[in-house]
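K.L.:
sequence-free structure coming up:
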């Protein structure tokens, strides 16, 4: 249990998808103009990560990695399908994103309209694919670890976009120099938040 908690904290703060790896910046910058919209997209990212990482973990462990097909019989012990990882991971992610898009359109049409093209673009959000590739790199031992990492990485992205959206709403009433208004000041704030999150890297879990 302690190991899972440490993994969650690490994935949220020390290995934050936005502030540590700068993944998913397109949606992060474009949809963070209001907290309401950012919340909807952030929750969608969490959902997709929580579903796709365990599924991709099972695909990796029982289908794709070298020797994963040993359960099918002696003749499959040397089969290596790892070259299909990208295709399989992206297929799973695209399927889950399509499901999220259908649910949001059905139950939250206003949010669906506000998110616009950025909702289906979760399928090509590099933070989502990055989570699966990091999962593959870290070689987790259990499905629980992969699930916790998926939730932590999604929650970290959610925390990042909510934070920047709240700040951007507040600075609308600030006297910002004209050349820095819009994305200019947003880039500066993102950089400062990235430096702040780097402070968590010194924590020993």
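P.N.:
On my side now, so go ahead. Quantities reported herein were computed from a predicted structural model and do not represent experimental measurements. Numbers count the residues shown, from 1 in each chain.
K.L.:
where in the protein is pLDDT low?
P.N.:
Scanning the chain with the threshold set as pLDDT under 70 gives 124, 205.
K.L.:
longest single helix anywhere in this structure?
P.N.:
Counting residues, the longest helix found in the chain (DSSP state H) is helix 143-170.
K.L.:
list the buried ones in it?
P.N.:
Across helix 143-170, burial judged by 16 or more other CB atoms under 10 Å covers 145-165, 167-168. (Glycine included, C-beta is placed from N, CA and C.)
K.L.:
in the helix or strand following that helix, what counts as buried?
P.N.:
Of the helices and strands lying after helix 143-170 in sequence (DSSP states H and E), the nearest is helix 183-198. For helix 183-198, the neighbour count (16+ other CB under 10 Å) marks 185-186, 190, 193, 197 as buried.
K.L.:
Quick check: closest non-adjacent residue to residue 39.
P.N.:
residue 162 (6.3 Å; CB to CB, 6 or more residues apart in numbering).
K.L.:
can you tell me which residues contact residue 103?
P.N.:
Residue 103 makes no contacts at all, as judged by CB atoms under 8 Å, 6 or more residues apart in numbering.
K.L.:
got the contact list for residue 104?
P.N.:
Going by CB under 8 Å, 6+ apart, residue 104 touches 40, 44, 111-112, 115, 119.
K.L.:
6 Å instead, please
P.N.:
residue 112 (CB atoms under 6 Å, 6 or more residues apart in numbering).
K.L.:
ranges for the helices of this protein?
P.N.:
So, for the chain - with DSSP H - the helices run 2-9, 25-30, 35-59, 85-107, 109-115, 126-138, 143-170, 183-198.
K.L.:
Include distance to residue 177 when you put those helices into a markdown table, please.
P.N.:
Output for these, formatted as a markdown table (distance: least, CB to CB, whole Å):
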| stretch | distance to residue 177 |
| --- | --- |
| helix 2-9 | 38 |
| helix 25-30 | 19 |
| helix 35-59 | 24 |
| helix 85-107 | 37 |
| helix 109-115 | 29 |
| helix 126-138 | 31 |
| helix 143-170 | 16 |
| helix 183-198 | 9 |
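K.L.:
between the ones you listed, which gets nearest to residue 66?
P.N.:
Nearest to residue 66 among the helices of the chain is helix 85-107; the distance by CB to CB comes to 11.5 Å.
K.L.:
Give me the angle between the closest one and helix 126-138.
P.N.:
In terms of direction (axes from the mean of the first three to the mean of the last three CA atoms, to 10 degrees), helix 85-107 departs from helix 126-138 by 140 degrees.
K.L.:
tell me which residues of helix 85-107 are tucked away?
P.N.:
85, 88-90, 92-94, 96-97, 100-101, 104.
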